[in-house]
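>>> let me see the structure of the following:
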Amino acid sequence: MRTFLNSANLVRLLILQAALGLTALACTAESAQGGSTSSTSSTGGGSAGGMGGMGGTGGVGGQNQGGAGGQGGFDFTSGSGGGVPLVDVDVVITADNAYSFGYGDVDGITHFTQGTRAQTAGQIFNCGEGPEAYVVPAADAPPSAYLYIVTWDDLSVTQGVLGQFRRGDGAPLYTGDAQFEVCATGINMQASQTGPTQNEINEQIALCNSGNGDDVTTSAGWVNVAGAVTPGAIGSLAVGEANDPAPGGTFPPTCPTGSAPPEAASIDPAAHWMWYQPGGIANPFQSTGSNTFRAYLIFRVAAEDIPDPK
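Residues are numbered from 1 along each chain as shown. Purely as a prediction, here's the structure:
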């Protein structure tokens, strides 16, 4: 059976087809717009449409749930933003005459190794008995961490601290670098073999941070090579000679890298001795026989200042 369309029916059919076409176009546009909106609002999702997942945990941006559409995006599932992974910090230190080592944060030490005073010059300068090696685990050395050297002396002949800090194959950070800070506590530990305890040191760190130390007997806060870090602090970080074989120095070469046995905890020739300068002292590394330098001293450096691996 054949059905013939009259002119009126034909017009109605054409109108209906046009309406259906417009509806399809509208749905397509709405769908595309919805995918873009979802991508920007999804957790950790990316920027518009196909660029999804740029923020970290989200994955490829897309439609409605931030995961399906948006093809061609980048999926950073770790959410780290592509930063360099942290690695352990290798540390080598020696001191004339004594030191303890620790690390924690700006408020104090949470991991502490109690030191003992050297009884001979060899226990300061010689390979195998002088410089000592430590490892600060990567988890304990995020950018917010601080590494501390607490040192005291016997008020005789010379005094100083020498060392280096390194992450993997990154460039070393040496003592004497401008990033180091020191606070002089004014507490004389001349007669002590083991120095201050962790709790005692943390009490002094709090005092250094506050800047409330005595102006006559302490540095009254943290100082660096340029002077006061804590407002009103007194003195500066003293930077001395390098750990090289140049003659005429205050200290002998101290197990320098390159001439030390391979298994020794050596210190690079580029490292410099450091101490505290209260002001007006010609050579802060030569003892005056009294506690002129307001020791014991607390040195610190931020973990974020230790260069990343290559």
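>>> where along the stretch 101-250 of the chain do the helices fall?
Assigned by DSSP state H, counting those that start in this stretch, the helices in the stretch 101-250 of the chain fall at 122-125, 198-210.
>>> for those helices, give me TSV that also has distance to residue 220.
Glycine gets a C-beta too; all of them are placed from N, C-alpha and C. Formatted as TSV, the helices of the stretch 101-250 of the chain follow (distance: least, CB to CB, whole Å):
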stretch	distance to residue 220
helix 122-125	29
helix 198-210	8
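>>> can you tell me the closest non-neighbouring residue to residue 143?
Computed as CB to CB, 6 or more residues apart in numbering, the closest residue to residue 143 that is not its neighbour in sequence is residue 304, at 3.6 Å.
>>> how about the secondary structure of the one you found?
Secondary structure, DSSP: H, G, I helix; E, B strand; the rest coil: residue 304 is helix.
>>> of the helices of the stretch 101-250 of the chain, which is nearest residue 176?
helix 122-125 (17.0 Å; CB to CB).
>>> who does the closest one touch, helix- and strand-wise?
strand 89-96 (3 or more CB pairs under 8 Å, 6 or more residues apart in numbering; DSSP states H and E).
>>> sheet partners, orientation included, of the strand it packs on?
strand 132-136 (antiparallel), strand 160-167 (antiparallel) (DSSP bridges).
>>> just to revisit the earlier point, put together CSV for the helices of the stretch 101-250 of the chain, with mean neighbour count, distance to residue 273 and mean pLDDT on each row.
Output for those, formatted as CSV (neighbours: other CB atoms under 10 Å; distance: least, CB to CB, whole Å; pLDDT from 0 to 100):
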stretch, mean neighbour count, distance to residue 273, mean pLDDT
helix 122-125, 18, 11, 98
helix 198-210, 17, 22, 98
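>>> okay, now residue 290: neighbour count?
Residues within reach of residue 290, counting by other CB atoms under 10 Å, total 9.
>>> actually residue 194, not the one I wrote
Counted with other CB under 10 Å, residue 194 comes out at 13.
>>> just residue 116 next, same as before
Residues lying near residue 116 (other CB under 10 Å) number 14.
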